[in-house]
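[1] Whatever this is, show me its structure:
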Amino acid sequence: MDELSTFGSKKVFVLANKSSRKFIEGNNEKLIDILQLKGLLAAPLCTSIGMGGGEEGLLAACDEAYAADADVVVTVGGGAVQDAGKLIRLWLATKGNADSVSATVEGIQGVTKRDPMPALPPQIAIPNSFAMAEATHVAGLTTKAKTKSGAAHPSLMPTVIIYDPALSKGLP
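    The predicted structure follows:
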């Protein structure tokens, strides 16, 4: 919560993989519950990102974060979730652009080509694996055509990374 107050966050979009849900939701003491109680949760917990970062789940998450007017993205999960958070931030940077109706892969990637690159909202990355996606400025996804795609830009590096040993307990 301290990190969120540092950013002056008003609308937090939380993206997680399904296996992390139990660590961040329930009994009024976990992240989602605290954000709800404080009126900071921009939208219900989003768990639409599957293994490999499928396009459909990503675009749905982008549109959800955009519609909620999120000003920070919190990602709890493995590499696909961390990368999706980076791509969601790119889509949020299109706010106010008349062309931004609903997210597309091309629209998300196009943000990295703008000069100057728009400021991205902060991302707090909380990984639950050893993929190390949280420590890069590259974000991958798998398109509907089953091809690998993504975006890269120095601004994509998450703003804050929090390592919680409870999330990786049991991993080899």
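
[2] Leu35 in helix, strand or coil?
    helix (DSSP: H, G, I helix; E, B strand; the rest coil).

[3] Grab the most central residue of the protein for me.
    Nearest to the mean C-alpha position of the chain, by C-alpha atoms, centre = their mean, lies Gly85 at 2.1 Å.

[4] list the contacts for the nearest residue to that residue once chain neighbours are set aside?
    The shortest distance from Gly85 to any non-neighbouring residue, by C-beta to C-beta, 6 or more residues apart in numbering, is to Thr75 (3.5 Å). C-betas here are computed from N, CA, C, even on glycine. Residues counted as contacts of Thr75 (C-beta atoms under 8 Å, 6 or more residues apart in numbering) are 14-16, 81-82, 84-85, 123-126, 134, 158.

[5] again, but for Pro44
    Neighbours of Pro44 in contact, by C-beta under 8 Å, 6+ apart: none.

[6] Assign a three-state SS to it, would you?
    coil.

[7] Then Val14?
    Per three-state DSSP, Val14 ends up strand.

[8] for the contacts of Thr75, which one is nearest Leu141?
    Ala84 (7.2 Å; C-beta to C-beta).
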